[in-house]
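Trainee: Make a model of this:
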Amino acid sequence: MKSYRDWQKDLFNKWSQVGFRGICKARTGAGKTLAGISAIDQYRQMYPAMKLIIVTPSAKINQQWLETFKEQGVEP
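Mentor: Modelled structure (predicted):
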């Protein structure tokens with residue numbers, strides 16, 4: 001996994017404190033996809049039987065998620 005920006009580390013801590021629920025709002029290119037994939041990977045390690053659904057507004061962004069999963073070595 002990649003090293004994370006301070007805001008992403010903060011996000012992971014706060015997300016775990018509120019029961020793994022929330023919305024990440026950040027500017028384009030800030031690292032939302034990477035933060036999301038890392039959060040998914042952490043969640044799966046704690047709850048391996050859980051299934052998750054990722055909804056994206058376009059096929060292009062869906063492809064971006066799939067590519068980032070592969071780059072990070074995380075099973076989509």
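Trainee: Kindly spell out which helices and strands sit in contact with the helix or strand containing residue 7.
Mentor: Using DSSP states H and E, residue 7 falls within helix 6-17. Packing contacts for helix 6-17, counted by 3 or more CB pairs under 8 Å, 6 or more residues apart in numbering; DSSP states H and E, involve helix 32-46. In short, each C-beta sits where N, CA and C put it, glycine included.
Trainee: neighbouring contacts of the helix it packs on?
Mentor: For helix 32-46, contacts defined as CB atoms under 8 Å, 6 or more residues apart in numbering pick out 1-2, 4, 8, 11-12, 15-16, 20, 24, 26, 50, 52, 54, 64-65, 68-69, 72, 74.
Trainee: buried stuff in it?
Mentor: Residues of helix 32-46 classed as buried by neighbour count (16 or more other CB atoms under 10 Å): 33-40.
Trainee: ditto for stretch 56-76
Mentor: Neighbour-count burial for stretch 56-76 [16+ other CB under 10 Å]: 65, 68-69.
Trainee: Residue 18: neighbour count?
Mentor: By the criterion of other CB atoms under 10 Å, residue 18 has 8 neighbours.
Trainee: circling back to that earlier point, any chance of the buried residues of stretch 56-76 in a markdown table, with secondary structure too?
Mentor: Shown next, in a markdown table, are those (DSSP: H, G, I helix; E, B strand; the rest coil):
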| residue | secondary structure |
| --- | --- |
| 65 | helix |
| 68 | helix |
| 69 | helix |
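Trainee: export those residues to CSV and tack on pLDDT and distance to residue 58?
Mentor: Output for the buried residues of stretch 56-76, formatted as CSV (pLDDT from 0 to 100; distance: CB to CB, whole Å):
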residue, pLDDT, distance to residue 58
65, 90, 11
68, 89, 15
69, 89, 17
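Trainee: any low-confidence regions in the chain?
Mentor: Applying pLDDT under 70 to the chain flags residues 1-2.
Trainee: ok, back up a step: just name the closest of the buried residues of helix 32-46 to residue 58, please.
Mentor: Taking CB to CB as the measure, residue 33 is the one of the buried residues of helix 32-46 closest to residue 58, at 13.2 Å.
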